[in-house]
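1. Using only what follows, build the 3D model:
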Amino acid sequence: MDPLVSVIMPAYNAEKTVGAAIESVLRQTYVNFELIVIDDRSKDDTYKIISEYGEKDSRVRVCQNEKNSGVSATRNYGASIAKGEYLALLDSDDMWREDKLTIQMKLMLENETCPFSFTGSSFVNADGEPFDYIFHVPETVNYKKLLKQNVVSCSSVIIRRELLLKYPMKYDKMHEDFATWLQILKNEGDARAVDEPLLCYRIATGTKSSNKVKSTLMTYRVYRYLGLNIFQIMYYLPIYTIRGIRKYSGIKSSKSK
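-> This next block holds a predicted model:
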C-alpha cells in the first residue's frame with residue numbers, strides 16, 4: 001500500500017476559499033491520505049464549513065485551536081497529531097491539481113533521502129480568475145540557491161514528518177516556512193522539485209507576500225534568525241528582492257485566460 005500522507009491545512013477567516021481548497025484535496029488520485037483542517041479561532045463561518053466536510057467524509061479530521069495561535073503554531077500542531085509518515089502542506093486559500101499527490105509522492109519514493117519536495121505553480125486572483133503565468137522551479141535546490149530566492153511555495157511541499165517535527169516553523173513576523181526550508185537544506189541535503197503547476201496559488205491583497213516592503217523586512221528577519229552576518233545579508237537581500245519583484249511583476253502583467 002502507498003504510504004499515508006497527512007495533509008495539514010491551517011484555516012483562519014477562510015470561509016470564502018476553504019471549501020475549494022478542501023475539494024481539491026478530496027479529488028486527489030492518490031487515495032491514501034488524511035486531511036487535517038485546523039481552525040485558528042476564525043471569526044467567520046470557517047469552522048462551520050470545515051465541520052460539515054468532516055461530518056461527510058471520514059478522511060477529513062477537523063480541529064480547532066483553543067486560542068488564535070498563528071499559522072506557524074497551527075502547522076506545527078497539525079504535524080504533531082498527523083498519522084502519516086509524509087506531510088503535505090496546503091493553505092486554505094490555495095488549491096491542488098488532482099494528480100498532485102500522485103506525481104509528487106512518486107518523486108519522494110524514488111528519492112528516499114530527499115528531505116522534501118515542491119512543485120511549480122499557476123496563479124489566480126482573489127476572485128479565482130486565472131493568470132496566464134506559470135512559475136517554473138529548478139529540478140533541485142540547495143541552501144545557497146534558496147537564500148537568493150524562495151522558489152519553494154509552502155502549499156506545494158511534501159516533507160517527511162520527522163523533519164517538520166525536528167525543524168518546526170517559528171515566529172510569524174518573518175517568512176516562517178522559508179526559514180524552515182533553509183534550516184533543512186543546510187543540515188539535511190538538497191530538495192527536489194516537480195516543474196509542473198501542481199499548485200494553484202491565490203494572489204490576495206494584504207498578505208505578507210503582496211506587501212513588498214513588509215516582505216523584504218520579513219526576509220531580513222529570516223537571514224538574521226539563521227545567523228547571517230551583515231555582509232552576507234547585504235549580498236543576498238538585494239538579489240532576493242529583485243527576483244521577487246520580477247516574479248510578481250510577471251504574474252501581475254500576465255493576461256487572465
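2. So D172 versus N76, what's the distance?
-> 11 Å (C-beta to C-beta, to the nearest Å). Quick note: C-beta positions are derived from backbone N, CA and C, even for glycine.
3. who has more neighbours, those two?
-> When neighbours are counted by other C-beta atoms under 10 Å, D172 and N76 differ, and N76 comes out ahead with 20 against 15.
4. Would you agree the more buried one is in contact with Y171?
-> No. Contact status for N76 versus Y171: not in contact, 11.7 Å apart, counting by C-beta atoms under 8 Å.
5. Identify the contacts common to the two.
-> Shared contacts of N76 and Y171, defined by C-beta atoms under 8 Å, 6 or more residues apart in numbering, are absent.
6. Next, the contact list for G120, please.
-> G120 touches 134-137, 156, 193-199, counting by C-beta under 8 Å, 6+ apart.
7. Please, where are all the helices along the stretch 151-257 of the chain?
-> Taking DSSP state H, counting those that start in this stretch, the helices of the stretch 151-257 of the chain run over residues 161-166, 176-188, 212-225, 230-253.
8. of all the ones you listed, which gets the most neighbours per residue?
-> Mean neighbour count (mean count of other C-beta atoms under 10 Å) peaks for helix 176-188 among the helices of the stretch 151-257 of the chain, with a mean of 21.
9. so for that one, what's the average pLDDT?
-> For helix 176-188, mean pLDDT is 98.
10. Then stretch 116-130?
-> The average of the pLDDT scores along stretch 116-130 is 95.
11. and that stretch, how far apart are its ends?
-> Chord length of stretch 116-130, first to last residue, is 28 Å (C-alpha to C-alpha, to the nearest Å).
12. Show me what stretch 54-61 is in contact with.
-> By C-beta under 8 Å, 6+ apart, the residues outside stretch 54-61 that reach it are 22, 26, 33-37, 50, 53, 62.
13. Buried subset of these, written for PyMOL?
-> Those of the contacts of stretch 54-61 that count as buried under 16 or more other C-beta atoms under 10 Å are selected in PyMOL with:
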select buried, resi 22+33+34+35+36+37+50+53+62
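14. Check the contacts of stretch 54-61 and tell me the two furthest apart.
-> Greatest spacing in the contacts of stretch 54-61, by C-beta to C-beta: F33 and I50 (16.1 Å).
15. Just the buried ones from the contacts of G120?
-> Of the contacts of G120, these count as buried by 16+ other C-beta under 10 Å: 134-135, 137, 156, 193-194, 196-199.
16. Run through the residues that contact T17.
-> Counting by C-beta under 8 Å, 6+ apart, T17 has contacts 92-93, 202.
17. Among those residues, which one has the most neighbours?
-> When neighbours are counted by other C-beta under 10 Å, S92 leads those with 29 neighbours.
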